[in-house]
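Colleague: Okay, sequence plus prediction incoming.
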Amino acid sequence: MYHQLSKLSGRLVAATNLQSPLFPVVPIALQRAEPPQIQYTTAQLSTVTEAGACAAGPRRTIPGTNIPYPPVPESIRKQQEQFQKEDDVPVFLKGGPMDGILYRLTMALCIVGLIGVGHTVYIHAVPKK
């Protein structure tokens, strides 16, 4: 049931002329339509042609150019192998002894900071005698 203000009393009364909650707008059923199919054209995505491909296999190129990515240096490849090795050591400690020292120093500074925060809260919470 819908309500409206009475012109005589100014109170809410049952509405007799309202047929729908969207009066005077009538809802229209949704029209179902199939979404358009997305078509990708590879000619616009890359400037590399099949004739220009490397004989050893496809090489990845920098997007929008024909320039291939430079080869990864051997030192970086060794670090990748070291950090991706499954040896149950957290990644922040895989760098060697210096990582352990930096980790312990960071934890010590965090504890000192928490003690400082606790001390500040205590100073402000407990008045001096």
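Modeller: Done, it's in.
Colleague: What are the buried residues along the helix or strand hosting S75?
Modeller: The secondary structure element spanning S75 is helix 74-84 (assigned by DSSP states H and E). Neighbour counts using 16 or more other C-beta atoms under 10 Å place no residue of helix 74-84 among the buried ones. Just so you know, the C-beta spots here come from the backbone N, C-alpha and C atoms, and that holds for glycine as well.
Colleague: neighbouring contacts of that helix?
Modeller: The set of residues that contact helix 74-84 without belonging to it, under C-beta atoms under 8 Å, 6 or more residues apart in numbering, is V72, V91, K94.
Colleague: Identify the residues contacting the residue sitting nearest the centre point of the chain.
Modeller: Among the residues of the chain, the smallest C-alpha distance to the mean C-alpha position (C-alpha atoms, centre = their mean) belongs to V91, namely 22.2 Å. The contact partners of V91, by C-beta under 8 Å, 6+ apart, come to F83.
Colleague: Repeat that for V112.
Modeller: The contact partners of V112, by C-beta under 8 Å, 6+ apart, come to none.
Colleague: where does this protein dip in pLDDT?
Modeller: Low-confidence regions of the chain, defined by pLDDT under 70, span residues 1-2, 17-28, 41-58.
Colleague: Okay then, goodbye and thanks.
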